[in-house]
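S.K.: let's see this in three dimensions:
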Amino acid sequence: MKILGIGNAIVDVICKVEDDFLAENNLTKSTMKLIFDEVEFKSLLSNLKIEKTVSGGSVANSIVGLSQLGNEVGFIGKVCDDELGSKYEDGLKQENVKYFYSKKKEELPTGTCLILVTPDSERTMCTFLGTAGKINENDVSSDAIKQSEIILLEGYLWDEGEPKKAFEKAIQSANKVAMSLSDQFCVDRHKPHFLELVKNKLDITFANEQEIMSLIDAKSFDEVINFSKSLGKIIVLTRGEKGAVAINRDEVVECGIKQGLKIVDLTGAGDLFAGGFLHGHVNNMSLKESLDKGTEMSSKVIQQIGARL
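M.R.: Model (predicted):
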C-alpha cells in the first residue's frame with residue numbers, strides 16, 4: 001500500500017450562509033470551532049438549508065484524492081454503527097479506499113462537520129467530533145501502518161487525550177510520516193508539541209503560511225524558509241494568492257496559483273493539495289512536479305461544492 005491516512009472520520013454537511021450568520025453565532029470566518037454539545041450542534045444545524053452531505057475529514061479527503069489518481073491507499077478513522085457511519089464507510093469503499101476499521105455501536109454518534117460557505121467562498125467549520133474524537137491506540141492497526149510507504153496524519157487528531165496515544169503509536173510504527181498542521185487554532189493550542197513533531201518526527205509537513213509563521217513565531221516568510229532549510233525534511237507550504245512553496249534542504253521550489261478559475265468553495269483545497277503532492281512524492285516525481293500536482297488538484301476542487309472531486 002502506498003499511503004495510509006489516519007484521521008477524524010467525519011461526515012461533512014455543507015451549507016451556504018451570509019456573513020451575518022457567522023456574527024450572530026460568534027463564529028470566526030475561515031476557522032474551525034469544536035462543538036462538544038450535541039444539542040448545541042443540532043440547534044445550529046436546524047437553522048440551515050443543507051446543500052450537500054458527503055464523507056469527509058481532512059486526511060480522508062486527501063486519501064480519496066490519492067485513490068482517484070490511481071494510488072493504493074487506506075484509511076483508519078472511527079465511526080459509530082449508525083446511519084451516518086454506514087454512509088461514511090460506503091463513501092470510502094466507492095472510492096476504492098481500504099477501510100481499516102470495523103464499526104460498532106458507540107456511546108456517541110458518527111462525527112459531523114458543519115461547513116458554512118459565505119458568499120466570498122471562504123468556509124467556516126463547526127465540528128461535533130462524536131465518536132471520531134474517541135479513536136484510541138487499539139483502533140489503529142500496526143500491520144496496516146507497517147504495510148504502507150507513508151502514513152498521513154492531521155493536526156486535528158492531536159486535540160484530545162486518547163487520540164494522541166493513537167497518533168503516537170502510528171508514528172512509532174510508520175516507515176515515513178506526513179502530517180498537516182490543520183488549523184491556526186490547532187497550532188496555537190499545541191505549539192510546543194507540533195514544533196517537536198516537525199523538527200524530530202515528521203518526514204513531510206503541510207501547512208499554510210499563517211500556521212507555519214505562528215508555529216515558529218516568525219516575523220517574515222524568509223525566516224520560515226531558513227527554518228525549513230535547516231531541518232533536512234520536506235516542508236510544503238500554501239500561501240493563498242502567492243501560490244505554494246516546497247522546501248527540502250537547500251532546494252526551494254515555487255508554484256503560482258492557477259488563473260481564471262471560478263472559485264465556488266474553498267473546502268478541501270488544502271486536503272487535495274496534500275493529496276496531489278503526496279501522489280507526486282510516492283511516484284518518484286521531482287519536488288517541483290509534486291508541488292505542481294498539488295496545485296492542480298486544489299485548483300479543481302475549489303471550482304465545485306464540497307471537498308471531493
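
S.K.: for stretch 86-103, buried residues please.
M.R.: Residues 88-89, 91-92, 95, 97-101, 103 are the ones in stretch 86-103 that count as buried (16 or more other C-beta atoms under 10 Å). C-beta coordinates here come from the backbone N, C-alpha and C atoms, glycine included.

S.K.: try stretch 174-181
M.R.: Here stretch 174-181 shows 174, 176-181 as buried, counting by 16+ other C-beta under 10 Å.

S.K.: what's the span of that stretch, first residue to last?
M.R.: End-to-end distance of stretch 174-181 (C-alpha to C-alpha, to the nearest Å): 18 Å.

S.K.: how about the strands in the stretch 151-300 of the chain?
M.R.: 177-180, 204-208, 234-238, 244-248, 251-255 (DSSP state E, counting those that start in this stretch).

S.K.: how about those strands in TSV, adding mean pLDDT and distance to V282?
M.R.: Output for the strands of the stretch 151-300 of the chain, formatted as TSV (pLDDT from 0 to 100; distance: least, C-beta to C-beta, whole Å):
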stretch	mean pLDDT	distance to V282
strand 177-180	97	10
strand 204-208	96	11
strand 234-238	96	12
strand 244-248	96	15
strand 251-255	95	18
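
S.K.: just the CA atoms of the helix or strand hosting V54, as PDB, please.
M.R.: Using DSSP states H and E, V54 sits in strand 50-56. What follows is strand 50-56, C-alpha atoms only, in PDB (Å, rounded to 0.1, in the frame of the first residue of the first chain):
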ATOM      1  CA  ILE A  50     -28.200  21.700   3.600                       C
ATOM      2  CA  GLU A  51     -26.600  21.900   0.100                       C
ATOM      3  CA  LYS A  52     -24.700  18.700   0.200                       C
ATOM      4  CA  THR A  53     -23.700  15.800   2.600                       C
ATOM      5  CA  VAL A  54     -20.500  13.800   2.000                       C
ATOM      6  CA  SER A  55     -18.000  11.700   3.800                       C
ATOM      7  CA  GLY A  56     -15.200  14.000   4.900                       C
END
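
S.K.: can you name every helix or strand that it contacts?
M.R.: Helices and strands touching strand 50-56, by 3 or more C-beta pairs under 8 Å, 6 or more residues apart in numbering; DSSP states H and E, are strand 10-16, helix 83-94, strand 111-117.

S.K.: which SSE is immediately downstream of the helix or strand of the chain with the lowest mean pLDDT?
M.R.: The helix or strand of the chain with the poorest confidence is strand 50-56; it has a mean of 85 (mean pLDDT, DSSP states H and E). Counting by DSSP H and E, the next helix or strand C-terminal to strand 50-56 is helix 58-68.

S.K.: now that next one: how far from the chain's centre is it?
M.R.: Computed by C-alpha atoms, centre = their mean, to the nearest Å, the chain-centroid distance of helix 58-68 equals 9 Å.

S.K.: could you list the residues in contact with it?
M.R.: 2-3, 5-10, 73-75, 77, 92, 95-97, 152-154, 156, 180, 182, 268, 270-272, 274-276, 278-279, 297, 301, 307-309 (C-beta atoms under 8 Å, 6 or more residues apart in numbering).

S.K.: now list the buried members of those.
M.R.: Among the contacts of helix 58-68, those classed as buried by neighbour count (16+ other C-beta under 10 Å) are 2-3, 5-10, 73-75, 77, 92, 95, 97, 152-154, 156, 180, 182, 268, 270-272, 274-276, 278-279, 297, 301, 307-309.

S.K.: dump the strands of the stretch 151-300 of the chain into a markdown table; add distance to E51 as well.
M.R.: Listed next are the strands of the stretch 151-300 of the chain as a markdown table, based on distance: least, C-beta to C-beta, whole Å:
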| stretch | distance to E51 |
| --- | --- |
| strand 177-180 | 25 |
| strand 204-208 | 25 |
| strand 234-238 | 25 |
| strand 244-248 | 28 |
| strand 251-255 | 30 |
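
S.K.: to N26, which of these lies closest?
M.R.: When the strands of the stretch 151-300 of the chain are compared by C-beta to C-beta, strand 204-208 sits nearest N26, at 23.5 Å.

S.K.: what about T205, how many residues nearby?
M.R.: Residues lying near T205 (other C-beta atoms under 10 Å) number 27.

S.K.: what ranges of the stretch 51-200 of the chain fall below the confidence cut-off?
M.R.: Low-confidence segments of the stretch 51-200 of the chain (pLDDT under 70): 159-160.

S.K.: try 50
M.R.: Along the stretch 51-200 of the chain, the model assigns pLDDT under 50 to no residue.
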